[in-house]
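> Sequence first, then the predicted structure, then my questions.
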Amino acid sequence: MRPRRNRQCFWPISGHGSPGLGVTIAAAMSALALPLAAAELPAPVVAPPAVTAPAAEGAASLPPAASASVSAPVGLPTDITPHPWSAFPTTSALPPTTNPHLVPAAEQPPAFAIHPSIATSNSWTDNALLTATNAKSDFITTLTPNLSVSGKSRRVNADLNYNVFYDRYATQSSLTGFRQSGIGTLNAELAEQLLYLDTRASISEQSLQPTGPTTAGARTSPTGTTQVITTTVAPRLQHQFGSVALGELSAAHDETVNQSPGTSSGLSGASGAKAAVSNLGNDSTNRGKLELRGGESFSQLLWDYSSNVSRDTMSSGALNQDTHQLDMEYRLTRPFALLAVVGDDHTHGLGIDSEKYGGPYYSGGGHWTPTPDADIRLGMGQRYAETNLYALASYKLGAETTFRFSRNISVGTDATNAVDNLNAIQRDSQGNFINPFSGLTTDPAAQPFARSNSAYRLENTTVSLQRQALRDTLGLNGTLSKQDILSSTSSLPTGATTVPLSSSTSVVTVGFSWSHLLTGALTSNVNASLSDVTEAALPSAKTQHYSAGIGLSYKINPTLTGEANYKFANTYEPTQSSATLPAAQTGNILENTLLVGLRNVF
């Protein structure tokens, strides 16, 4: 690979792109600033900023130019993991926040590591059935085996974290059962700088109605749930056309499977919940993309053209989408660049008004990097029949604190959004799969809205404040999510109630977490969250949920850790809002839990 000038910019290509059935696909306008110095850089070049895995030599993913706020140090090898970028990127374009003063001395990680562990806990709840009246207390014993795998080599990066939970109830035996959660990723360079394979998978248990009653602690739930399994396989070919352009041809197959949870629940409403899961069915998506982006012959004017095809098949029908998009970034000065996107959507299926939500679209804006600690991009455009505002900003308030803001719009389904979330996650140094924007552990299938077979327009506005100090880690995150139903299918999975076409649901969520190192072995944890449905098609769906917890974790020895915590949750439902919920599960529903447990890593 030839040396490249510091003022030029390339963009790594993703097999999936940003949310919304691949509507907004990674485009070649870098999410980063373009330094104007013309000094030659030695190969290999800068690694993309969103990388947490060790870089691999000889990879073909090309880097963005160095912007101090969102790029890796110059001179690192390139990485074989795909990284989506566009003029108005999603939150995954920003790397996890780090405090350079807390980064330990670099050590060569083992090429392949397996870390099995097992945990056991005993907890007490004062409302096992999550009812507003006649609450029943119970004792729960939970056994949790875990397998963590990490494999790194020049051409293969593999990560896995998988848990099986067995909850045994002393009294409410109908709730006794298994839960699963896990995420796995594999990125491989099959032919050097030519052929790549990217695969990911996740499994977790999700509520059919996240705005309904929620358990205070992690356990099998008496309300309607579904086990969501999401997989994606994406081979891609890359070819360098001299210094003029880099081309990529990629394909992807995504599967989302909904299964009934592994409990023997005989509770009122359990049959309705299983029918809801059955009616949700499975989702299968095939995607293809042809992309061409400017090479090193282009410096100030950066461009990328992509042509995308998506075929999403679900139980309620098929959603087809074809998109052509051209992205450009023109740097006027060192700190400021102009952004522009033009494209054309063709969307049909599921009863969507293709003329209204398809056709030509455009957006424009600016990218400002006034200091190495600030990276701000703002834009406005017309797409999906509305005027849209885009934003992605990151500002470091010193070495310990980072503020971030994001606003983006997409069109998709539950399944396609789960795949987008799965493609965005990264693994941190502790082995947790995290959202790089917030730094918090994440579940790709989680969402604030009732699960459905509908297509919808989704707006997300997110604010994040993170602080990493020697003894304290603090996070404050807030999100306003708005869902506009575009298809004429039922929004409620049982089909018992049909939400009107173009109906809207808005949910405000706020979360706070604080971890404090009391001694070398003892850590305290405090957390609180709020979820409020401020807009809904059905008045009974305007629920509020509050939760809080406090706990202690003690490292007994290098492999054994003990914990104790208290958690509280309160959900208010005005009236019964779903056939999956018993009549008793309406009104003010409170739960208190106490837990003590041990975890041993082998």
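Happy to help now that I have it.
> residues contacting the closest residue in space to residue 524 that isn't next to it in sequence?
Of all residues not flanking residue 524 in the chain, residue 516 sits nearest, at 4.9 Å (Cβ to Cβ, 6 or more residues apart in numbering). Bear in mind the C-beta positions are built from the backbone N, C-alpha and C, glycine included. Neighbouring residues of residue 516 by Cβ atoms under 8 Å, 6 or more residues apart in numbering: 471, 472, 523, 524, 525, 526.
> Let me know the outermost residue of this protein.
Relative to the centre of the chain, and counting by Cα atoms, centre = their mean, the farthest-placed residue is residue 134 at 37.9 Å.
> Which strand or helix spans that residue?
If you go by DSSP states H and E, residue 134 is not part of any helix or strand.
> For residue 124, see how far away it is.
18 Å (Cβ to Cβ, to the nearest Å).
> next one: residue 449
32 Å.
> neighbouring strands for the strand or helix carrying residue 516, and are they parallel or not?
Applying DSSP H and E as the criterion places residue 516 in strand 504-517. Sheet pairing for strand 504-517, assigned by DSSP bridges, gives strand 472-485 (antiparallel), strand 522-535 (antiparallel).
> Show me what the last one is in contact with.
Under the contact criterion Cβ under 8 Å, 6+ apart, strand 522-535 has outside partners 210-211, 448, 482, 504-518, 541-555, 565.
> Just to check, residue 290 is in contact with residue 307?
Yes: contact criterion Cβ atoms under 8 Å: residue 290 and residue 307 qualify, at 4.7 Å.
> which of the contacts of residue 516 has the most neighbours?
residue 523 (19 neighbours; other Cβ atoms under 10 Å).
> That one pairs with what?
In beta-bridge terms (that is, DSSP bridges), residue 523 pairs with residue 517, residue 553.
> Residue 459 now?
Bridge pairing for residue 459 - DSSP bridges - gives residue 409, residue 482.
> Pull the contacting residues for it.
407, 408, 409, 480, 481, 482.
> With residue 147 instead?
114, 115, 116, 160, 161, 162.
> just residue 457 next, same as before
Taking Cβ under 8 Å, 6+ apart as the test, what residue 457 contacts is 357, 384, 386, 409, 410, 411, 483, 484, 486.
> Make a markdown table out of the residues you listed and add distance to residue 285 and neighbour count.
Output for the contacts of residue 457, formatted as a markdown table (distance: Cβ to Cβ, whole Å; neighbours: other Cβ atoms under 10 Å):
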| residue | distance to residue 285 | neighbour count |
| --- | --- | --- |
| 357 | 18 | 19 |
| 384 | 19 | 23 |
| 386 | 25 | 13 |
| 409 | 20 | 24 |
| 410 | 14 | 23 |
| 411 | 14 | 26 |
| 483 | 19 | 24 |
| 484 | 21 | 18 |
| 486 | 17 | 25 |
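> Go through those and say which is closest to residue 243.
Of all the contacts of residue 457, residue 243 sits closest to residue 410, with 34.0 Å by Cβ to Cβ.
> just checking, the closest one touches residue 455?
No: applying Cβ under 8 Å, one finds residue 410 not in contact with residue 455, separated by 11.0 Å.
> Could you identify the helix or strand that succeeds the helix or strand bottoming out on mean pLDDT in the chain?
Here the helix or strand of the chain ranked lowest by mean pLDDT, DSSP states H and E is strand 40-41, holding a mean of 29. Using DSSP H and E, the helix or strand that directly follows strand 40-41 along the chain is strand 112-125.
> that older thread, ok, the contacts of residue 147 vs residue 232, which is closest?
Out of the contacts of residue 147, the member with the shortest distance to residue 232 (by Cβ to Cβ) is residue 160, at 15.2 Å.
> Please report how far that closest one lies from residue 559.
Applying Cβ to Cβ to residue 160 and residue 559 gives a distance of 20 Å.
> Tell me which of these two has more neighbours.
The residue with more neighbours, out of residue 160 and residue 559, is residue 160; 19 against 11, by other Cβ under 10 Å.
> Secondary structure element holding the more buried one?
Here residue 160 is assigned to strand 156-169, by DSSP H and E.
> Identify each buried residue in the following helix or strand past that strand, please.
Following strand 156-169 in sequence order, the next helix or strand is strand 177-191 (DSSP H and E). By 16 or more other Cβ atoms under 10 Å, the buried positions in strand 177-191 come out as 177, 179, 180, 181, 182, 183, 184, 185, 186, 187, 188, 189.
> Does the fourth one touch residue 163 like I think?
Yes: taking Cβ under 8 Å as the definition, residue 181 is a contact partner of residue 163 at 4.9 Å.
> Relative to residue 427, which of the contacts of residue 457 is nearest.
Using Cβ to Cβ, these come closest to residue 427 at residue 410, 24.3 Å.
> For residue 174, give its distance to residue 167.
Applying Cβ to Cβ to residue 174 and residue 167 gives a distance of 12 Å.
> So between those two, which is more surrounded?
residue 167 (22 against 16).
> does the residue lying closest to residue 569 once chain neighbours are set aside count as helix, strand or coil?
Using Cβ to Cβ, 6+ apart and skipping the chain neighbours, the partner closest in space to residue 569 is residue 216 (3.8 Å). The three-state label given to residue 216 by DSSP: H, G, I helix; E, B strand; the rest coil is coil.
> ok, how many other residues are close to residue 216?
What residue 216 shows, counting by other Cβ under 10 Å, is a neighbour count of 25.
> One more: the one 3 residues further on?
In terms of burial, residue 219 registers 21 neighbours under the definition other Cβ under 10 Å.
> before we move on, what about residue 602?
8.
> contacting residues around it?
115, 116, 117, 118, 559.
> Quick one: distance of stretch 201-208 to the chain centre.
13 Å (Cα atoms, centre = their mean, to the nearest Å).
> which residues touch it?
179-184, 214, 221, 223-232, 261, 273, 276-277, 280, 418, 422, 443-447, 450-451, 493, 578, 580.
> rerun at 6 Å
179-184, 224-231, 261, 276, 422, 443-445, 451, 493, 580 (Cβ atoms under 6 Å, 6 or more residues apart in numbering).
> Please narrow these to those residing in strands.
Mapping these onto strands (DSSP state E) picks out 179-184, 225-231.
> Quick check: which of these has the minimum pLDDT.
pLDDT across the ones in strands among the contacts of stretch 201-208 is lowest for residue 225, at 84.
> what pairs with it across the strands?
Counting by DSSP bridges, the residues bridging with residue 225 are residue 207.
> Count residues in the vicinity of it, would you?
Neighbour number of residue 225 under other Cβ under 10 Å is 24.
> Next, the residue farthest from the centre of the chain: phi, psi?
Dihedral angles phi and psi of residue 134 (degrees, to the nearest 10) take the values phi 50, psi 50.
> Mind pulling up the pLDDT for it?
90.
> same question, residue 71
So residue 71 comes in at 34 (pLDDT).
> Point me to the residue sitting closest to the centre of the protein.
residue 421 (3.2 Å).
> Without its sequence neighbours, what residue ends up closest to that one?
Residue 421 sits nearest to residue 444 (Cβ to Cβ, 6+ apart), 3.9 Å away.
> Who are the contact partners of the one you found?
Residue 444 neighbours (Cβ under 6 Å, 6+ apart): 202, 418, 421, 422.
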